[in-house]
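What follows is a predicted protein model with its sequence.
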Amino acid sequence: MQLSALSWSRAATAALLLGKTNAFTSIGQSTFGMSQKIISSSSSLNMSEVNRNEKIRNIAVIAHVDHGKTTLVDALIQQSGVFRDQQQTDEAGKCVMDSEDQERERGITILAKNLAVMRGDVKINVMDTPGHADFGGEVERVLSMADGVLLVVDSVEGPKPQTRFVLDKALKKGMKALVVVNKIDRPAARPDYVVDKCFDLFVELDASDVQTDFTVVYASGIQGKAGLDPEALDDDLGVLFDAIMTSIDAPTVATVATDDLQALVANIDVDEYKGKMGIARITNGSVKNGMQVSLVHPDKTKQTGRISNLFVFDNLGKREVESAEAGEIIMFTGLDAVEIGDTLVTNEAGGANAADPLPPIAVETPTVRMTFGVNKSPLSGREGKFLTSRMIRDRLYKETDRNVAMEVAETDSADRYEVSGRGQLHLTVLIESMRREGFELEVGPPSVIYKTNSETGKEEEPWESVEVRVPEEYNGSVIDMLNVRKGEMIDMGMEGDGAEAYSVISYRVPTRGMLGLRSNLLSATRGTALIDSVFDSYRERIPGDLQAREKGSLLAFQEGEVTSFGCEGAQDRGRLFVKSQDEVYKGMIIGIHQRPGDLDVNVCKTKQLTNMRSANKGITVGVTAPVDMSLDACVEYIAVDELLEVTPTAFRMAKNPDMWPKKGGKKK
C-alpha cells in the first residue's frame, strides 16, 4: 500500500528533527507514519522480552478543556453495556463522570475519576481527567496508574496549551498516545491540519520514534461514532475500542508473588461505613483480601495493617474481590493512615521480604496563594455552621489529603492560613465547596509565589503561556491589555475563513498580570474572547508593580440597610453591587466607582418627608439593577487592601480593616 503525502511528511520530519537517519529505510513499509522497524533491536521498548497482562488496559483520557473529552467518555460507557437499557441511560443523563455539582454547573471536569468497561474478555480501566490547567495536579497523579493515554483533540482548534502540558507528562513516562480527533462532525473541521499539528507537537516534546508513530481515530463523541477515515465514520465507537486494544500497551508483569507487592497510592476516597479507602495501581506482585500489609514512603514512618476489603473497578462502581495481580487498579480499606504517594507492600513475616517503596508522585509546585481566615465582619456568624479557626484549619488540611497540588501553611496570625494552588480557579473551587458545606470565612486577594534561583540568587516569578482567540476587530484591545501587563508576544495569526475567521494571539505573561485579566478581556471584547493559559516557567521578576484595576470602589459610609433613595443618589457615581434592603457596614464595597480612587457614599439615607405631596413627585428617577458578582468575579476584583467575605448565601467585599489609616499615621 502506498503512503499518503501526510505519512511521508510525518516520517521525514521525524527523521530530520530527531536525527533518526535510519528512519527512511522503512518508510515504504508503513501505512501511516513511521514504521515500527525504526526501533532498533536493542531498544528498551522491545516488548518480546516483557511479560504482559493482556486481559487489562489502563488508559488516561487527557485533553484541553472543552474538547469533548467527557462527552466521548459518556459514549464509551453507553456502548460498553454499562447501562441495562435505555431507561437507565436516560436516568444517568449526560456527563455521567462529572458527578459533582460544581462540575455540572461550570461545565468542566474538576476531579479525576475511575471506571472500568469490558471489551470482549479484556477489561479497560479508564481514568477521566480534568482539562483545565489549574487542575493539572489531578492529571499528574492519575498518570501514575496508566499505561497509555487517549489524547482527545478538537477537530477545529487542534492542540492547545493544556494539551501540550499533559502530553509532555505522559511522554516523559514513556507512554504511547492514541490521538482522537474529536468533534469531526463540526462544519469547520480540518482533520489534516489537526493531525499535522499533533505530530509537530510530539516532535517538539522529544517523543521517541514509537511514540511519534501514533494511531489516529476520528470521532464524534456526541453522535457516538468513530472511524479511521474522517469522511466515513462507523455507526459506533468500535474502531476506537479496537484501537485502544492494539495501540495501548498492556501492563507489564514482572512477578505476581505476594512478597513482591508494590502498589503506589494515587487517590483517596472516603466511604461513610468503610472509612478511608486507598486507590492504587499494582505495579508488581499481587495482593489478597485479609493480607498483612504496610504503607511505606521514603520520608515517612512505616504504617502496618491488614486489608479489610479489596475492590476492583467495575463499570461505574466497584466490585469486591479476593485477590488482584500486577496491572490491576484496586481500592482497599483497613489502613486509615493511607495517603497519596504511599506504596502498599507486604508485611507478611514482619515485612522481611517486602519490596522497596516506589518513587512518590511528583507534581508541579503551586504558583498562586490566598489567605483563608475567620470571618470578622459585623455581619458574621448569622448564616454559617462552621465559624472557628479550628474548623477552617481542619477542613483545609483535609483537602490536602486528596488535592496533592494544594499546600496549606500557618501564618503569623492564629486565625489565618495561607493556601497555595496552581491557579485562581484551583482555589475558588475550594472556596465554593467550603461555602456549600456551611463554612463562613474571609479570604484575601490572590498573589503569586516568588522563589529565589539557587544559581543566580535572583528572585523569580511564574509566567504563563496565554492564547487568546478573538474576532479581528478586537485585536488592538487585547494586545494593549497584554502589553500593559508586561506580556511578550510570541505569535499572531488568523484562522478560519469568512465570517468564522478569528485572530489567534499568543503571549507569554507574568502570572501577576493574569490575575484579574480575564474579566477585563471579556468586557473589552464583548464576551467574544476565548482565553487559554498554562504555566510556562519561572523567570526573573519584573521590578515594580503591574497595572492594577483602573477604577476605584464605592464604599458604604455607614452601617445599616440599603434604601431605594440611597441607591438613586449612589448610582450616579458608578455601578452598584447592592440593592434595596441589603445590609451593609462601614468600609464594605458596594459598587465600582466611575473614576480612579475610592469614594464613600451613603446608600442607607432615607428621604426627608414633608406634609406637602405632589402626584408625580419622586417617580421620575428609577433604580438600575445591581451588578451580579459571582465568586470568581469577586476574587478577580479585590485589590491588595481588600478582603472577600464568604458565607453560605452571600459574597461581600470590604476594605481590610488592618490596612485602614491609623490616627496620626499612615497605612500599614
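The structure has been received and is ready for your questions.

State the distance from R393 to R369.
R393 sits at a distance of 16 Å from R369 (criterion: C-beta to C-beta, to the nearest Å). C-beta: built from backbone N, CA, C; applies to glycine.

where does L482 land in three-state SS?
helix (DSSP: H, G, I helix; E, B strand; the rest coil).

Leaving out chain neighbours, which residue sits closest to V156?
Leaving aside its sequence neighbours, V156 sits nearest to A188 (C-beta to C-beta, 6 or more residues apart in numbering; 5.1 Å).

That neighbour: neighbouring residues, count only.
12 (other C-beta atoms under 10 Å).

surely it meets D154?
No - the criterion here is C-beta atoms under 8 Å, and A188 misses it with D154 at 10.3 Å.

I'd assumed T246 was in contact with R57.
No - if you go by C-beta under 8 Å, R57 and T246 don't touch, sitting 10.2 Å apart.

Compare these two and say which one has the larger neighbour count.
Taking other C-beta under 10 Å, R57 and T246 do not tie; R57 has more neighbours (26 against 8).

bridging residues for that one?
Beta-bridge partners for R57, by DSSP bridges, are I124.

measure K607 to L576 for me?
18 Å.

Then L295?
55 Å.

The closest residue to V166 other than its chain neighbours: which element?
Among residues not flanking V166 along the chain, I62 sits closest, at 4.3 Å (C-beta to C-beta, 6+ apart). Per DSSP states H and E, I62 falls inside strand 56-63.

Let me know the next secondary structure element after that strand.
helix 69-78.

per-residue confidence averaged over that following helix?
The pLDDT scores in helix 69-78 average 82.

orientation of it relative to strand 56-63 in degrees?
150 degrees (axes from the mean of the first three to the mean of the last three C-alpha atoms, to 10 degrees).

helices or strands up against the strand holding I62?
With contacts defined as 3 or more C-beta pairs under 8 Å, 6 or more residues apart in numbering; DSSP states H and E, strand 56-63 has these neighbours: helix 69-78, strand 122-128, helix 136-143, strand 148-154, helix 161-172, helix 238-247.

burial of E231, as a residue count?
8.

same deal with the one 10 residues further on?
With neighbours defined by other C-beta under 10 Å, the count for F241 comes to 20.

what's the closest non-adjacent residue to it?
R119 (4.9 Å).

Ok, W463 next?
D536 is the one closest to W463 (C-beta to C-beta, 6+ apart), at 4.7 Å.

ditto for A133
Nearest non-adjacent residue to A133 (C-beta to C-beta, 6+ apart): V534, at 4.1 Å.

what's the next secondary structure element after the helix or strand harbouring that neighbour?
Secondary structure assigned from DSSP H and E places V534 in strand 530-540. Using DSSP H and E, the helix or strand that follows strand 530-540 in sequence is strand 553-556.

strands paired with that following strand, and their directions?
strand 588-593 (antiparallel), strand 599-601 (parallel).

average pLDDT across it?
Here strand 553-556 scores 89 as its mean pLDDT.

For that strand, C-alpha coordinates in PDB please.
Listed next in PDB are the C-alpha coordinates belonging to strand 553-556 (Å, rounded to 0.1, in the frame of the first residue of the first chain):
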ATOM      1  CA  SER A 553     -14.600  51.300  44.600                       C
ATOM      2  CA  LEU A 554     -17.700  52.800  46.100                       C
ATOM      3  CA  LEU A 555     -17.700  52.200  49.900                       C
ATOM      4  CA  ALA A 556     -20.500  52.200  52.400                       C
END
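
which residues touch the helix or strand just after that strand?
Downstream of strand 553-556, the next assigned helix or strand under DSSP H and E is strand 560-561. With C-beta atoms under 8 Å, 6 or more residues apart in numbering as the contact definition, strand 560-561 has outside contacts at 581-584, 604.

nearest to E568, of those residues?
C604 (12.7 Å; C-beta to C-beta).

Go ahead and confirm the closest one touches Q558.
Yes - counting by C-beta under 8 Å, C604 touches Q558, with 5.9 Å between them.

who's more crowded, these two?
With neighbours defined as other C-beta under 10 Å, C604 and Q558 compare such that C604 has more, 17 against 13.
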